[in-house]
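A.B. asks: What shape does this take:
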Amino acid sequence: MSDQNPVFIPGPTNIPDRLRNAMHVQTRDHRSPDFVETLAPVLRDCKRIFGTEAGEIITFPSTGTGGWEAAITNTLSPGDKVLIARYGMFSHRWIDLCQRHGLDVEIIECPWGSGAPADLFEERLKADDAHEIKVVLVTHNETATGVRSDIAAVRGAMDAANHPAMMFVDCVSSLASMPFEMDAWGVDIAISGSQKGFMLTTGMAILAASPKALAAMETAQLPRTFFDFRDMMNANNAGGFPYTPPNQLIYGLKESLEMLFEEGLENVYARHHRLAEGVRKAVEAWGLKLCAQSPELYSDTVSAIYVPEGFDSNQLTDHAFSTYGVSFGIGLGEMNGKAFRIGHLGSLTDVMVLSGLATIEMAMADLNYPIELGSGVAAAQEYYRKTTQKVDV
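C.D. replies: I've put the predicted structure just below:
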């Protein structure tokens, strides 16, 4: 019966029946006229989620990692310099990807649990008189530590330095769950995927690219074939794909967008904040500590939680799964063994979140954690009771 339990990992997220049904379709011809009628509105409507009018939406059968690779290979050349801060596992992996592609990667080391250091970006960009730095890379929502960075502040730092570098943002675990304003924040490429806020299966990288980023294709010399922006955009403009598309995911994305717009994006963001606040109330009641160093960094899609000294977070998540059939996020990188993660994004309600809190509480009690059984659930219940809105029936 465990397949009836929701997951509380930061993605892939729970898939609503409505979206599973939308993807449960027979094979269709991707070169037929009706494919055009499906694809074009999806690309257009994705712009609203990214907060862009000027950007172009580009998708690939891939994951967010493929989106990272597409972003750099379409805009940069071997030896180009990029600037990035390492403050979690996913910024670390982006660094590794850039290094493997022969880029000159300048790294600002930051404590895990901190966010993007706008002040240090500004300092380094001001020192770059020759404008050698081509791109500043930023992880909006660091899934390993539950940290959300201030992208507007990074753009402000770049503007203050009067530097022409582009800004690429990983918003895989934030898009469609927390506000994202590509145009207002001056983002040149934003990278997401199908399996988080869009509530679909893994398999589609979804990017938005600014006119400045698209212009950089003219001089970029890194090799790309499968991830070529120009091939994809030319095929999309003609109503197709340069190769076989992930049809079921495209149908699912069409339905996902309709669901998000029906709820209203502001309501989607408010729901995620409310669910996250309930989790944070529970963490406080347990006497545990979030990895995120301060409240302005708290993510509304995932909370990374330190376990007490002398306990192993991997044992906790293993026990929750083997005993109660519920998955929670393990600690990644520097957090391995030290922290577990509760994903609270996508298709979730307060009732579902309470079930997750109750489950992890039972697992902690089983392993003799210094918590009071029911304390976290009660704290979250009290918050949800005070903030609930009447459900229409």
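A.B. asks: Please make it C-alpha for all contacts and neighbour counts, starting now.
C.D. replies: OK.
A.B. asks: where along the stretch 151-300 of the chain do the helices fall?
C.D. replies: Assigned by DSSP state H, counting those that start in this stretch, the stretch 151-300 of the chain shows helices spanning 151-160, 182-185, 211-215, 229-237, 247-263, 265-286.
A.B. asks: For beta bridges, what are the partners of the residue lying closest to I57 once chain neighbours are set aside?
C.D. replies: Nearest non-adjacent residue to I57, counting by Cα to Cα, 6 or more residues apart in numbering: A208, 4.5 Å away. Beta-bridge partners for A208, by DSSP bridges, are I57, A190.
A.B. asks: gap between A208 and N314?
C.D. replies: With distances taken as Cα to Cα, to the nearest Å, A208 is found 36 Å from N314.
A.B. asks: Looking at the two, which is more packed in?
C.D. replies: Set side by side, A208 and N314 show more neighbours around A208, with 26 against 19, by other Cα atoms under 10 Å.
A.B. asks: can you tell me how far that one sits from V377?
C.D. replies: From A208 to V377 the distance is 39 Å (Cα to Cα).
A.B. asks: ok, now H273?
C.D. replies: Plainly put, H273 is 17 Å away from V377 if you go by Cα to Cα.
A.B. asks: And for C110?
C.D. replies: 33 Å.
A.B. asks: Look at these two and report which has more neighbours.
C.D. replies: Under the criterion of other Cα under 10 Å, the comparison of C110 against V377 puts V377 first, with 26 against 14.
A.B. asks: and T359, which of the three is it?
C.D. replies: Put simply, T359 is helix when judged by DSSP: H, G, I helix; E, B strand; the rest coil.
A.B. asks: Count the residues that sit near it.
C.D. replies: Residues near T359, counting by other Cα under 10 Å, number 21.
A.B. asks: Now do the helix or strand containing L316: distance to the chain's middle.
C.D. replies: Using DSSP states H and E, L316 falls within helix 313-324. Put simply, helix 313-324 sits 24 Å off its chain's centre (Cα atoms, centre = their mean, to the nearest Å).
A.B. asks: now swap in stretch 44-53 and tell me
C.D. replies: For stretch 44-53 - counting by Cα atoms, centre = their mean - the centre lies 16 Å from the chain centre.
A.B. asks: now do stretch 63-72
C.D. replies: What separates the centre of stretch 63-72 from the centre of its chain is 13 Å, taken as Cα atoms, centre = their mean.
A.B. asks: State the mean pLDDT of it.
C.D. replies: The pLDDT scores in stretch 63-72 average 97.
A.B. asks: Let's see that stretch as CSV, backbone CA atoms only.
C.D. replies: The C-alpha trace of stretch 63-72 is given here as CSV (Å, rounded to 0.1, in the frame of the first residue of the first chain):
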residue,chain,number,x,y,z
THR,A,63,16.7,17.0,-17.0
GLY,A,64,17.9,20.3,-15.4
THR,A,65,21.5,19.1,-15.9
GLY,A,66,20.9,18.9,-19.6
GLY,A,67,19.5,22.4,-19.4
TRP,A,68,22.7,23.6,-17.7
GLU,A,69,24.8,22.1,-20.5
ALA,A,70,22.6,23.6,-23.2
ALA,A,71,22.9,27.0,-21.6
ILE,A,72,26.7,27.1,-21.6
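A.B. asks: what's it in contact with?
C.D. replies: 60, 94, 97-98, 168, 170, 172, 189, 191-194, 202-207, 224, 227-229 (Cα atoms under 8 Å, 6 or more residues apart in numbering).
A.B. asks: so how far is I250 from the residue nearest the centre of the chain?
C.D. replies: In the chain, the C-alpha nearest the mean C-alpha coordinate belongs to S173, at 1.4 Å (Cα atoms, centre = their mean). Distance, S173 to I250, by Cα to Cα: 19 Å.
A.B. asks: Next: G376.
C.D. replies: G376 is 39 Å from I250, by Cα to Cα.
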